[in-house]
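>>> Sequence plus predicted model, see below.
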Amino acid sequence: MARRKRGDEPSDDLSVGELIDGPTEILTPEIRAAALARRADGDDLEATRDLSHLAPGGGHSNPSTDQPAQTSHAGTRAAGAAVGGPAGAAAAPGDPAMRARVELSRVPAAGPLYRRALLNAVPGLGGRRAAAVPAVELAVAGVTVDPELLADYDRVCGFRLADRLPATFPHVMGFPLALRLITAPDFPIPLTGVVHVGNRITVRRPVTVTDRLDFTTWAENLRPHDRGRQLDVVLVGSVDGEEVWRGVSTYLGRQRTPDGGERRDHGERPAPPAATARWTVTPRVGTDYARVSGDHNPIHTSWLGARLLGFPRPIAHGMWSKARCLAALESRLPDAYTVDVVFKLPVPLPGAVAFSATALDPGWDFSLYDRRGRPHLAGTIR
């Protein structure tokens, strides 16, 4: 992976604080010259661009009609043409060898990306949705851990303060990079109204506060669902070329289907397991998690925002719920494991939840459910 040359930027280290708040930047004089030429033609130099034209067989986006949100600079560069195929060959989105690699100087700020997603949802402003996942992967190198933010995250999610990163913290570090991918105007599933239905994290070895992480993200496995379409967004963290962490988030884009997306008959709900612990979830969980994660989706922080998106009150972030469950088992986790979670009913704020964990050989099964025994999430550790 290419490293930034000393002098190109104030620092070679990217802290998590910079990751959340920092801009993307134009990397090369050639790209800046091209951007200036676009400005001369009436285009906006500062606009975050759709990435589809960088992928082999791309070109879905029309820059004259794209209306993205603003960032400080929108610099990306293709680190090379697709590997393993002839020049001009059509991209196969499911084939890793056919993905173009785009390296960013730093992870973009999440706020402008959310604003861009809202603009893309406005009829006439958004891009045309593609029929397949983009044949592109985004990468950023040398992201360092902000110890103060890590400590704040530990407090909000219930982890003990330690130099070892919780399994869910690299997700926070790399999520804005994935968000940059998801908010492209032609991404097949729009961010507005998307439902996070599952998350799987694999920790291959302990990641510590001194590790510098290189992140790569891409989308794959677009598939039909009885209420729309699902896809997986993969985020990989590596240290010195070794993969140490991998997260796979499954998203559902709700759409009207010919059968109307009728509810399945699940039969009688089984009795919930015995509670291991009970937790009161206050409204501050929404705002506190937004602060430490950089994910300021109003569905978690605002009564009005939640109502506009179809909920009577704010709901806890699913990744907070997953982190809180892992924190309860923290002292019993091995150095390497996979934790897989399916998100079910949202956790309303304020609210009360019951946590249950069952030790197995190997690993754990765990769940979070409400007072009536309805599940909020179900997970496994193996």
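Now that the structure is in, tell me what you want to look at. Residues are numbered from 1 along each chain as shown.
>>> low-scoring stretches of this structure, by residue?
For the chain, the stretches flagged by pLDDT under 70 are 1-94, 111, 114-128, 255-268.
>>> per-domain residue ranges of it.
With automatic domain parsing as the criterion, the domains of the chain are listed as 16-254, 277-381.
>>> which SS class is Leu161?
Here Leu161 takes the coil state, with states given by DSSP: H, G, I helix; E, B strand; the rest coil.
>>> what's near enough to touch it?
151, 154-155 (Cβ atoms under 8 Å, 6 or more residues apart in numbering). In short, each C-beta sits where N, CA and C put it, glycine included.
>>> what about burial for those residues, which qualify?
Buried subset of these (neighbour count, 16 or more other Cβ atoms under 10 Å): Asp154.
>>> ranges for the helices of the chain?
Under the criterion DSSP state H, helices of the chain are mapped to 16-21, 29-40, 110-120, 147-157, 169-182, 284-293, 303-308, 318-328.
>>> just to revisit the earlier point, out of the contacts of Leu161, flag the one nearest to Ala359.
When the contacts of Leu161 are ranked by distance to Ala359 (Cβ to Cβ), Asp154 comes first, at 23.9 Å.
>>> partner residues bridging Glu243?
Per DSSP bridges, the residues bridged to Glu243 are Ser238.
>>> Go ahead and confirm it touches Val236.
Yes: using Cβ atoms under 8 Å, Glu243 is in contact with Val236, at 5.8 Å.
>>> more crowded one of these two?
For Glu243 versus Val236, neighbours defined as other Cβ atoms under 10 Å are more numerous around Val236 (21 against 14).
>>> Any idea how many residues pack against Cys157?
Close neighbours of Cys157, defined as other Cβ under 10 Å, add up to 26.
>>> residues contacting it?
166, 168, 289, 292, 320, 323-324, 327.
>>> Once you drop chain neighbours, what's closest to Val156?
Nearest residue to Val156, sequence neighbours excluded (Cβ to Cβ, 6 or more residues apart in numbering): Asp288, at 4.6 Å.
>>> Can you report how many residues lie near that neighbour?
Quick note: Asp288 (other Cβ under 10 Å) scores 18 neighbours.
>>> Run a quick check on it versus Asp154, I expect a contact.
No: the pair Asp288 and Asp154 fails to qualify as a contact (Cβ under 8 Å) at a distance of 11.9 Å.
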